[in-house]
Structure formats: C-alpha cells, structure tokens
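Asker: my questions are about this predicted structure, shown below with the sequence.
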Amino acid sequence: MARVTKKRPTTEAHDEKRNEILRHCATLFDRVGYHKASMQMLADEVGLGKPTLYHYFPSKHAILYAIHEAHMSALLDGLSDDSAQADPHERLRAACINILRQIAEHPGYVRAFMDHYEDLEGKMRNQIRAQRKDYFDRVRGIIVLGMEKNQFRKCDPDLTTYGFLGMCNWAYKWYPPLAKKQSAEAVADALCRPFFEGLSLTR
C-alpha cells in the first residue's frame with residue numbers, strides 16, 4: 001500500500017524542479033497512460049537519472065498524488081471568493097472558467113486526475129478525497145446561497161452540484177483541441193447559460 005512520506009524542508013529551486021518534473025510526468029501519463037509509464041520512462045522524459053528522480057519522488061504513486069494535489073489546489077484557489085455578497089451566478093461562472101483553464105493549460109494533470117483517482121491508495125487517496133469533498137461542498141454552498149437569495153429556484157443542491165461539476169469536468173474529453181480557438185470564458189458562457197436558465201426563477 002502506498003504511503004505518504006513526510007514533507008522535508010525544501011528550497012525554491014527544489015520546489016521548482018519538482019514542479020518541472022510533474023509537468024513532464026503529466027505529459028507522459030497523458031501520452032502513454034499512467035499504467036504503462038515506468039519510473040525509467042518518467043526519468044527519461046524528465047531528462048534525469050532514475051536515482052535522481054527517486055530523490056524528488058519515491059514512487060510513481062507519489063508522482064500521481066502530487067499531480068492530484070496540485071490540481072486540487074488550483075481548483076480550490078479558483079473558489080477563493082467566499083463572500084456572501086458575491087453573485088452566485090458569477091461565482092459559478094468563475095469556477096467553470098477555472099476548470100476550463102486547467103483543462104486547457106494542464107491537460108495531463110486533468111486527465112491523471114479524472115482517470116486515475118482510483119489508483120491512489122491509503123492516506124494519499126484519503127487526503128485527495130477530503131480535498132474533493134471540500135471543493136464539492138464549497139460549490140454546493142454557492143448553489144444554496146443562490147436559492148437563499150431567491151436567484152435560483154429550489155432544487156436538490158447535491159444533484160445540482162453533481163450536474164454542474166459533471167458538465168464542467170467532462171470538457172477534459174473535448175476542450176483541449178478547441179482551447180486555442182475558443183477561450184475558457186466563451187466556452188464557460190456557452191455551458192453555463194442553459195444551466196443558469198434552468199435554475200432561474202424567472203423561467
């Protein structure tokens with residue numbers, strides 16, 4: 001069973017190298033698949049010897065976990081405005097834009113996150129599960145706020161949150177090739193408009 005190793009004090013250069021390694025590993029996972037990628041292949045992709053790669057990451061599971069953690073941090077940062085005064089429509093739109101930007105800019109991270117969550121084990125999986133729940137709960141809170149402010153019709157907030165996130169996240173299957181032609185903002189508006197019309201009390 002995979003274990004989470006304790007984080008050691010790091011320098012800025014060390015952290016930047018880890019991030020560079022993650023970018024290369026995510027690209028390889030996207031190209032050949034997580035299960036087909038060996039530590040030797042990952043080391044070759046990064047341009048390091050395998051012992052050096054082990055210095056930064058003790059296992060392929062640790063790399064997968066770090067990719068998940070980086071992606072979840074980006075998603076949670078995209079929900080930084082928790083003000084009750086902020087418009088729920090705009091907050092959901094911003095969340096959708098953030099998801100689409102992650103898909104466009106870090107497709108390997110997103111594919112690893114979407115396709116290989118089940119490959120995480122033990123504490124690694126538990127920690128990512130907790131972050132995923134935090135993100136879900138915060139999006140759900142936006143939908144509940146919209147109902148409380150009489151901007152959204154009464155609905156099942158859990159199902160509505162699943163629907164919203166499913167709509168946004170599934171774009172990882174089709175948005176990357178379109179990203180250079182259609183901005184995250186334009187695609188978010190196209191996705192969110194009918195969703196918001198369904199939630200609107202004036203419909």
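Answerer: Arrived safely.
Asker: burial measure for Met167, as a count.
Answerer: Counted with other Cβ atoms under 10 Å, the neighbours of Met167 add up to 15. The C-beta positions use only the backbone N, C-alpha and C, and glycine is treated the same way.
Asker: for Arg193, that is, sorry about that
Answerer: By other Cβ under 10 Å, neighbour count at Arg193 equals 11.
Asker: do you know the pLDDT at it?
Answerer: pLDDT, Arg193: 94.
Asker: quick one: list the elements packing against the helix or strand harbouring Val144.
Answerer: Element membership for Val144 (DSSP states H and E) is helix 122-148. Helix 122-148 sits against helix 60-77, helix 88-105, helix 157-169, with contacts defined as 3 or more Cβ pairs under 8 Å, 6 or more residues apart in numbering; DSSP states H and E.
Asker: quick one: mean pLDDT for the last one?
Answerer: Spelled out, that is helix 157-169. pLDDT averaged over helix 157-169 gives 97.
Asker: what comes up buried for that helix?
Answerer: Neighbour-count burial for helix 157-169 flags 157, 160-161, 164-165, 168-169 (criterion: 16 or more other Cβ atoms under 10 Å).
Asker: what comes into contact with it?
Answerer: Here helix 157-169 makes contact (Cβ atoms under 8 Å, 6 or more residues apart in numbering) with 92, 95-96, 99-100, 114, 136, 139-140, 143-144, 147, 191, 195, 199.
Asker: and the next helix or strand past it?
Answerer: Following helix 157-169 in sequence, per DSSP H and E, is helix 184-199.
Asker: now for that next one, which elements pack on it?
Answerer: Helix 184-199 packs on helix 88-105, helix 157-169, going by 3+ Cβ pairs under 8 Å, 6+ apart.
Asker: report the angle between the axes of it and helix 122-148?
Answerer: Helix 184-199 and helix 122-148 meet at an angle of 60 degrees, taking axes from the mean of the first three to the mean of the last three Cα atoms, to 10 degrees as the criterion.
Asker: how far does helix 184-199 sit from the chain's center?
Answerer: Taking Cα atoms, centre = their mean, to the nearest Å, the mean C-alpha location of helix 184-199 is offset from the chain mean by 19 Å.
Asker: and for stretch 143-163?
Answerer: Distance, stretch centre to chain centre, for stretch 143-163: 22 Å (Cα atoms, centre = their mean).
Asker: with stretch 159-168 instead?
Answerer: With Cα atoms, centre = their mean, you get 14 Å for stretch 159-168.
Asker: and the buried residues of helix 157-169, which is closest to Pro51?
Answerer: Distances from Pro51 to those, taken as Cβ to Cβ, are shortest for Asn169 (36.9 Å).
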